[in-house]
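**Q** pasting the structure only:
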């Protein structure tokens, strides 16, 4: 079994606000799959995306209620190339309206920090150095 790509679907309140936020963090969008109701956030082109979908459209894909920003249903973790990149992305997120829901953690071989985006979705940004793992 091999998955070609992954699309994490997340409900959002406002596409313009979400586009502005993620653009300020240095991310871009696949405009072929973006419109006034949804944005295709590129996490790793060709492999990983997050579909940021307005509540109205999102509700057409499920019979279950959409969680509000005070609950957790998923933690989306993204790995980057360095500790400095972790700090840069989280710092930019916080400067642009995100909130901190936990402090950073350094486990030697893994360093991560976290933020909740404008719609309350929780993101973990991490860097790992497998050569420092104690196996």
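**A** Received, thanks. Everything numeric in this text was worked out from a predicted model, so none of it was measured. Numbers count the residues shown, from 1 in each chain.
**Q** Which stretches in this structure count as helices?
**A** Taking DSSP state H as the test, the helices found in the chain are 15-24, 55-58, 83-95.
**Q** Name the residues of the second one that come out as buried.
**A** Of the residues in helix 55-58, those buried under the neighbour-count criterion (16 or more other C-beta atoms under 10 Å) are 57-58. C-beta coordinates here come from the backbone N, C-alpha and C atoms, glycine included.
**Q** How about stretch 121-130?
**A** Applying 16+ other C-beta under 10 Å to stretch 121-130 flags 121-127 as buried.
**Q** Export the residues you listed as CSV, with columns for distance to residue 104 and pLDDT.
**A** CSV is the format used below for the buried residues of stretch 121-130 (distance: C-beta to C-beta, whole Å; pLDDT from 0 to 100):
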residue, distance to residue 104, pLDDT
121, 18, 93
122, 14, 95
123, 13, 96
124, 10, 96
125, 9, 96
126, 10, 96
127, 11, 96
